[in-house]
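1. Kindly return the folded structure for what I paste below:
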Amino acid sequence: MSKPCLLLTNDDGIEAPGLHALIRGLHKKGFPIVVMAPANEQSASGMRLSLRSNLKFEERSDLAESLSSDDTVPLRMFSLDGTPCDCVIVAIDGGLERWVPDMKPAMCISGINQGPNLSVDVMHSGTVSAAREAGLYGMPAIASSLSTYQHSNFEDTANATIQLIEAAVKVLPPIAENMLRPNGSKTSVNTDNLRQRIISEFKNGNLMLNVNAPEVWVNGFQTVSLGVRWYQNAIELANTETTGVAYGFKAAKIIDEDIENTDCNAVNNGAVAITPLTCWPVNHPLGVPEKILVQATKPGQNGLPFWLTE
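-> Reported below is the predicted structural model:
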């Protein structure tokens, strides 16, 4: 295979059009793909795990056949009756080795999600959590979202995500070297070269990338930090004779603070926002130091992270 294999997942489910758009685009580019995605929608599931042993597993050859653009390029699709993090764990910790032993991924891509994963959203997002889970297991990872519910045309988001993936695979080995973290926390980064230090953190799964495409893409790429987003009036109170008092979530009033060089600001100005995120807490032995994360957020000439473009 001339291009590395990619592991794809999401939180919108294996039938989701965003996932299918990304599969089509990547497969046309010649990337071998193995998919392990939730059988049903799992939005806002965060890092939740299903602590049970009867998760239904199914190969979806019907979907793979309909999405394939080249019979010579492998495409295998599986669904799991669980959360996005369940899917990643099952795939990395034995599932792929059992079902597709010849497909050894270089990277995990989660998405394309329908809806934003900006600012505080990354704390709740199943899309981001799946990518983070892959990172915890030592695999480089990217999360991707179309930051609007106004339309479901994923073409621009897929094109933007694929451009980032193509830049990333150029600095990665063809197979994820740190998968299952054989050396535990002893993985060292022995270099004083800033660019190579950042690439090493990404390669080892300690640093991931979060992508948010705007409703209308008119302003290129911007590599930025997380912004500030406030959700107000999100709680709905109901009082009925049958259920009594009940609370639920409704469409909230969303306020984005207009802060330059942040994801909210970039997306609101029509740019695709790319935000490096640390997979581990900063006070964990594998946490990316703040000074490295700040440097990792510096853009190159085309707006992609500088360490993917030089």
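2. And the nearest residue to residue 155 once chain neighbours are set aside, how close does it get to residue 163?
-> With CB to CB, 6 or more residues apart in numbering as the measure, residue 21 is the residue that lies nearest to residue 155, at 6.7 Å, once sequence neighbours are left out. No exception for glycine: its C-beta is placed from N, CA and C like everyone else's. For residue 21, the distance to residue 163 (CB to CB, to the nearest Å) stands at 14 Å.
3. neighbour count winner among these two?
-> For the pair residue 21 and residue 163, the greater number of neighbours falls to residue 21 (23 against 14), based on other CB atoms under 10 Å.
4. Make sure that one is actually in contact with residue 160.
-> No: the pair residue 21 and residue 160 does not pass the contact test of CB atoms under 8 Å, sitting 11.5 Å apart.
5. picking that back up, any chance you could list what contacts the helix or strand hosting the residue nearest to residue 155?
-> Following DSSP states H and E, the helix or strand that holds residue 21 is helix 17-28. Taking CB atoms under 8 Å, 6 or more residues apart in numbering as the criterion, the residues outside helix 17-28 that touch it are 6, 8, 10, 12-13, 33, 35, 37, 63, 67-70, 73, 75, 77, 109, 111-114, 144, 146, 152, 154-155, 157-159, 161-162, 165.
6. For it, the averaged confidence score.
-> Throughout helix 17-28, pLDDT has a mean value of 98.
7. If we go by neighbour counts, what in it is buried?
-> Taking 16 or more other CB atoms under 10 Å as the basis for neighbour counts, the residues of helix 17-28 that come out buried are 18, 19, 20, 21, 22, 23, 24, 25, 26, 27.
8. give me the low-pLDDT residue ranges for the protein?
-> The chain contains residues with pLDDT under 70 at 1, 188-190, 234-251.
9. how about the strands in it?
-> With strands called from DSSP state E, the chain shows them at 5-9, 33-38, 57-59, 75-80, 105-114, 141-146, 207-213, 221-223, 229-232, 235-240, 244-249, 253-256, 272-278.
10. partners of the fifth one, with directions?
-> Strand 105-114 has the following strand partners under DSSP bridges: strand 5-9 (parallel), strand 141-146 (parallel).
11. CA atoms only for the first one, dumped as CSV, please.
-> Translated: strand 5-9. Only the C-alpha atoms of strand 5-9 are listed here, as CSV (Å, rounded to 0.1, in the frame of the first residue of the first chain):
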residue,chain,number,x,y,z
CYS,A,5,-3.8,3.0,6.8
LEU,A,6,-6.1,5.2,8.8
LEU,A,7,-8.5,4.2,11.6
LEU,A,8,-11.8,6.2,11.5
THR,A,9,-14.5,6.6,14.1
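12. sorry, back to before: turn the buried residues of helix 17-28 into JSON lines, columns for distance to residue 289.
-> Below are these laid out as JSON lines (distance: CB to CB, whole Å):
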{"residue": "18", "distance to residue 289": "33"}
{"residue": "19", "distance to residue 289": "34"}
{"residue": "20", "distance to residue 289": "38"}
{"residue": "21", "distance to residue 289": "36"}
{"residue": "22", "distance to residue 289": "32"}
{"residue": "23", "distance to residue 289": "36"}
{"residue": "24", "distance to residue 289": "39"}
{"residue": "25", "distance to residue 289": "35"}
{"residue": "26", "distance to residue 289": "33"}
{"residue": "27", "distance to residue 289": "38"}
